[in-house]
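K.L.:
sequence unknown, structure follows:
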């Protein structure tokens, strides 16, 4: 009762299935709902490029804009490729579905594993970056970034367990506030740059810690590719749009790609113009905001908008991860618990698992965004590549009007994202990408193992070719340690189950046995009492051996033994500690025994 009340207080009252409706979104609202993950990455993508290039000294920072241009071009190609997915899969074309349908189960599982890792990392990275925005504005909070990060994840998970919906009003304010503040930051900076009013943030010339090489530039490119995370969100959510769904989703996707490219390129250009050098305690966005607006109200508005959209980006994973886990569960690749909705019509188990793993990552990496980034983009680009490769197969199979052109678009996207996947995996391998490279096949193996288990269970439970059960003989045993009201109630129940009911007493003291036999004559209701000797005072072993003996002596007849456990229930929780747990031990020992059924007969004490 207490557990139920606590759950009701934390999660809220259960909701009927009739309320499980999905909000239809306009293009403007959908941009706010689906673009937060992609747009939020501009808050740290430029900084990640600079953190790699700065290793080669100040001069290498000039390459940042060219790296950003290359990423922006890749972004445009991927956005155009996903336009094709949106039109081909108007019911939602997530990477798992596209890869499974067109490439087969294993590529689909690889895409699913990559996406699940990506969702966990999205929460961890977004929250860590959001906390970094807060600690940049309020440096005194920097030592508490891990605590703040875990608290944020807990609050987001708590909100989702209570059934936070994809409400346009909730999502629109932070997203459009972010677009406005970042747009103002970029526009103001570019105007000052054009007027020659730029004052560099540092005049210090940094000496190279390593030589500038093609490999270092590729590392910078790989780090900056985090700007593309979240690009697939709209193709996953096409059914959420107002009619015509595919058209509106495609238009919104173009808006998102355009805004993302402009903000990312603008921020990188400003960082180069102001000669920003990344530091540990302050983000690049904070340094640019401080340089352009001072520590005034608009600076704090920028930091607040950054933190909000990053938290919002983390929240999108709490919709995506449980939904993907539910799809895998329905396909028998994940435990069935993931397919069940909780009291608030959300996939509660998926939410809890996602929150737990994301919090562990924040703790393990001490809330450091830059330490988490090398793990991030690998899974994203694996899913990009498999999704686009699946679309190539789709167009080749369908061969509708213009199929060659469509195949070329998705083929180009698959080729480029495949190459980028290899670049990221190689350049970031020793920095943490190896973890993702190792985890993906492990998860795929786990999915396949779960699927095989469910297939074996279904085969063993199938009635096809089944000749019927063998003859059954039923025996009921009531283990007792004394004769009291609880035992009498259990014996009465046992007699209802079978005429072959027996009470079983394990003797550890002959004197106590004689006293018990006298009481049994009066209260045993004619049920035979079997005395088992136990020289070593073990209660379990003689009982288990007796059950084995009963089942062995029947030959071809199946002997089913029901063990009825008399158990008195103390009035208060702490009173359980004052009594031995023999009934619990017996239940544990018999749990996995074939043809043995355990039944509790509780007797509740009043005081």
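P.N.:
Perfect, I can see it now. Treat the numbers as computed from the prediction; the structure is a model and nothing was measured.

K.L.:
Can you report phi and psi for the nearest residue to residue 485 once chain neighbours are set aside?
P.N.:
Leaving aside its chain neighbours, residue 485 sits nearest to residue 603 (6.1 Å; criterion: CB to CB, 6 or more residues apart in numbering). (Glycine included, C-beta is placed from N, CA and C.) Dihedral pair for residue 603: phi -120, psi 110, per degrees, to the nearest 10.

K.L.:
Roughly how far does residue 603 sit from residue 438?
P.N.:
Distance, residue 603 to residue 438, by CB to CB, to the nearest Å: 54 Å.

K.L.:
And these two? Which one has more around it.
P.N.:
It is residue 603, of residue 603 and residue 438, that has more neighbours when counted by other CB atoms under 10 Å, with 15 against 10.

K.L.:
Name the surrounding residues that touch stretch 575-590.
P.N.:
479, 481, 539-540, 543-544, 547, 563, 565-567, 570, 596, 598, 600 (CB atoms under 8 Å, 6 or more residues apart in numbering).

K.L.:
In helices, which of the residues you listed fall?
P.N.:
540, 543-544, 547 (DSSP state H).

K.L.:
Nearest to residue 519, out of the residues you listed: which one, please.
P.N.:
Residue 519 has its nearest neighbour among those in residue 543, at 20.3 Å by CB to CB.

K.L.:
if I pick that closest one, what's in contact with it?
P.N.:
479, 504, 506, 532, 586.

K.L.:
Buried residues, stretch 428-445. List them.
P.N.:
428, 431-433, 436-437, 439-440, 443-444 (16 or more other CB atoms under 10 Å).

K.L.:
what sits up against that stretch?
P.N.:
Residues contacting stretch 428-445 (CB under 8 Å, 6+ apart): 106, 109-110, 112-114, 116-117, 219, 222-223, 371-372, 374-375, 377-379, 382, 424-425.

K.L.:
Swap in 10 Å and give it another go.
P.N.:
52, 105-114, 116-118, 120-121, 218-219, 222-223, 225, 333-334, 365, 370-380, 382, 424-427 (CB atoms under 10 Å, 6 or more residues apart in numbering).

K.L.:
now those: which count as buried?
P.N.:
Among those, those scoring as buried are 52, 107-114, 116-118, 120-121, 218-219, 222-223, 225, 333-334, 365, 370-380, 382, 424-425, 427 (criterion: 16+ other CB under 10 Å).

K.L.:
mind listing which of those are in strands?
P.N.:
Judged by DSSP state E, the buried ones among the contacts of stretch 428-445 include no members of strands.

K.L.:
Go through the contacts of stretch 575-590 and single out the one with the most neighbours.
P.N.:
residue 566 (26 neighbours).

K.L.:
backbone phi and psi for the nearest residue to that residue once chain neighbours are set aside, please?
P.N.:
For residue 566, ignoring the flanking residues on the chain, the nearest one in space by CB to CB, 6+ apart is residue 490 at 3.5 Å. The phi/psi pair for residue 490 (degrees, to the nearest 10) reads phi -70, psi -40.

K.L.:
again with residue 35
P.N.:
phi -90, psi -10.

K.L.:
quick one: secondary structure of the closest residue in space to it that isn't next to it in sequence?
P.N.:
Using CB to CB, 6+ apart and skipping residues adjacent in sequence, the residue nearest residue 35 is residue 256, 4.4 Å away. With DSSP: H, G, I helix; E, B strand; the rest coil as the basis, residue 256 sits in helix.

K.L.:
That concludes my questions; thank you for your assistance.
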